[in-house]
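Q: Sequence unavailable; structure follows:
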């Protein structure tokens with residue numbers, strides 16, 4: 001165990017040295033999105049259209065995503081450009097770390113540990129942490145911006161404030177004020193973790209470009225074929241009732257994928273030096 005802890009500490013230090021600038025860049029981007037959102041909400045409050053804004057309101061705007069596409073009703077399809085960018089930038093952070101870590105230092109650490117399995121498990125944990133830090137940055141930037149722009153008109157409550165907010169932010173009256181925003185954020189985080197773990201394995205077995213392609217294809221599939229097993233829908237599922245109602249199936253699927261990749265990585269690391 002002590003050997004694994006030493007390997008993990010060395011990995012974590014290298015990851016932070018590589019990724020901290022990228023996290024700062026994303027924090028600036030998230031902050032800009034938050035300030036724009038709350039500036040617009042402040043105008044709506046001053047005009048009397050809404051009374052207040054919650055953290056849940058703002059996060060649901062950030063993860064607005066795609067609504068279900070009905071060509072027979074002539075409903076335009078939303079292209080969730082923001083979600084695609086957020087996902088790809090996180091994948092870039094993980095892929096950049098993986099590629100940068102193919103070095104003599106990393107090789108020597110694996111040899112010193114005498115266990116490629118330790119090396120793989122360490123990378124796996126870091127991929128999970130990368131997604132968690134990413135989500136924390138989003139929540140913190142929106143919370144800080146909300147208080148800075150709206151003051152006492154902003155609250156940290158994780159639910160929709162009122163039906164007027166839903167109509168203004170999402171352009172819909174079909175979404176319930178009782179939507180579980182905390183559950184949605186947990187599933188969004190699980191989606192990001194799964195994406196990071198997928199690119200981790202694919203990058204070592206093949207290459208990072210292939211990992212990007214696989215994740216992008218899965219994202220497009222989730223948008224175009226909106227079912228519970230299109231797990232990237234869970235970054236936007238509150239606009240899709242039949243997906244929201246089966247959230248537990250999607251959660252089990254993502255957890256199953258994560259566990260399966262962990263096992264696949266252990267088997268692969270025992271059979272081949274993938275550095």
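A: That came in fine, so what should we check first? Predicted model only: the values in this text are computed from it and were never measured. Numbers count the residues shown, from 1 in each chain.

Q: And the strands in the stretch 1-150 of the chain?
A: Listed in chain order, the strands of the stretch 1-150 of the chain (DSSP state E, counting those that start in this stretch) span 53-54.

Q: For it, give me the ranges with low pLDDT.
A: Within the stretch 1-150 of the chain, the stretches with pLDDT under 70 are 65-79, 102-115.

Q: let's go with 90 and repeat that
A: Applying pLDDT under 90 to the stretch 1-150 of the chain flags the ranges 1-14, 18, 47-52, 56-57, 59-88, 95-123.

Q: Quick one: the helices in it, in order.
A: 2-46, 55-62, 81-100, 104-113, 116-150 (DSSP state H, counting those that start in this stretch).

Q: Redo the ones you listed as CSV? Include distance to residue 160 and mean neighbour count.
A: In this view, the C-beta of every residue, glycine as well, is placed from N, C-alpha and C. Supplementary listing: those in CSV, determined by distance: least, CB to CB, whole Å; neighbours: other CB atoms under 10 Å:
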stretch, distance to residue 160, mean neighbour count
helix 2-46, 13, 16
helix 55-62, 6, 24
helix 81-100, 19, 19
helix 104-113, 46, 14
helix 116-150, 14, 19
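
Q: per-residue pLDDT, residue 251?
A: Note for residue 251: predicted pLDDT of 89.

Q: from memory it sits against residue 187, does it?
A: Yes. Using CB atoms under 8 Å, residue 251 makes contact with residue 187 at a distance of 6.3 Å.

Q: higher neighbour count, those two?
A: residue 187 (23 against 18; other CB atoms under 10 Å).

Q: can you tell me the helix or strand for that one?
A: Counting by DSSP states H and E, the element that carries residue 187 is helix 181-205.

Q: what's the next helix-or-strand element following that helix packed up against?
A: Next helix or strand after helix 181-205 toward the C-terminus (DSSP H and E): helix 208-224. Secondary-structure packing of helix 208-224 (3 or more CB pairs under 8 Å, 6 or more residues apart in numbering; DSSP states H and E): helix 81-100, helix 181-205.

Q: what about these, which gets the closest to residue 256?
A: For these, proximity to residue 256 was assessed by CB to CB; helix 181-205 is nearest, at 9.9 Å.

Q: That closest one - what's its average pLDDT?
A: Helix 181-205 carries an average pLDDT of 89.

Q: just how off-centre is it within its chain?
A: Distance of helix 181-205 from its chain centroid, counting by CA atoms, centre = their mean, to the nearest Å, is 6 Å.

Q: And it, what does it pack against?
A: Helix 181-205 packs on helix 55-62, helix 81-100, helix 116-150, helix 208-224, helix 247-271, going by 3+ CB pairs under 8 Å, 6+ apart.

Q: and if we set it to 10 Å?
A: helix 55-62, helix 81-100, helix 116-150, helix 208-224, helix 241-244, helix 247-271 (3 or more CB pairs under 10 Å, 6 or more residues apart in numbering; DSSP states H and E).

Q: Would you reformat the helices of the stretch 1-150 of the chain as CSV and include distance to residue 257?
A: Converted to CSV, the helices of the stretch 1-150 of the chain look like this (distance: least, CB to CB, whole Å):
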stretch, distance to residue 257
helix 2-46, 22
helix 55-62, 24
helix 81-100, 15
helix 104-113, 25
helix 116-150, 13
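
Q: Which one of those helices lies nearest to residue 271?
A: Here helix 116-150 is closest among the helices of the stretch 1-150 of the chain (CB to CB), at 9.3 Å.
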